[in-house]
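Asks: Give me coordinates for this.
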Amino acid sequence: MIEREQVIEKYFQSWIHKNNSILNQIFDPNIAYTECYGPEYHGLSTITKWFDDWNTRGTVLSWKIKQFIHQGSMTAVEWYFECEFESEVGAFDGVSLIEFNTENLMVNVKEFQSKTPHYYPYT
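Replies: Here you go, the predicted model:
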């Protein structure tokens with residue numbers, strides 16, 4: 001479990017530092033990745049293209065991990081994400097469901113978003 005957490009932490013940091021050099025060390029070549037707002041990517045080469053393209057137009061300002069939950073080959077990670085993309089700053093809370101293979105490479109990632117700020121509607 002610790003190794004999986006380290007893989008996820010490295011991945012989040014790679015976005016902050018705009019460093020794609022670790023992608024082939026953390027993803028299975030046949031990775032399937034679904035972003036929280038709909039796009040889906042298949043294969044490491046597509047992930048690398050997406051990473052490089054996104055980082056020419058945006059910057060991840062913060063991607064903080066709140067907690068991990070492990071079950072079998074799956075890890076859920078709750079996080080807070082903040083970025084500037086095409087001159088607009090945005091932020092949200094999220095969860096990723098990540099499936100690992102026996103080598104602790106990510107084989108499937110599904111992201112889910114929760115808009116911020118949260119509020120109590122019954123005041």
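Asks: Dihedrals phi and psi, Asn20?
Replies: phi -90, psi 0 (degrees, to the nearest 10).
Asks: Kindly apply the preceding question to Thr102 instead.
Replies: Per degrees, to the nearest 10, the backbone of Thr102 is at phi -70, psi -20.
Asks: what's around it, how many residues?
Replies: Look at Thr102: counted by other C-beta atoms under 10 Å, it has 7 neighbours. Every C-beta, even on glycine, is put in place using the N, C-alpha and C of the backbone.
Asks: could you measure it against Ser21, distance?
Replies: For Thr102, the distance to Ser21 (C-beta to C-beta, to the nearest Å) stands at 24 Å.
Asks: just for this structure, where's the confidence low?
Replies: Of all residues in the chain, none has pLDDT under 70.
Asks: Which residue ranges of it form helices?
Replies: With DSSP state H applied, the chain shows helices at 2-16, 23-26, 44-57, listed in chain order.
Asks: Would you mind saying which of these lies nearest Val77?
Replies: Closest to Val77 of the helices of the chain is helix 2-16 (C-beta to C-beta; 5.5 Å).
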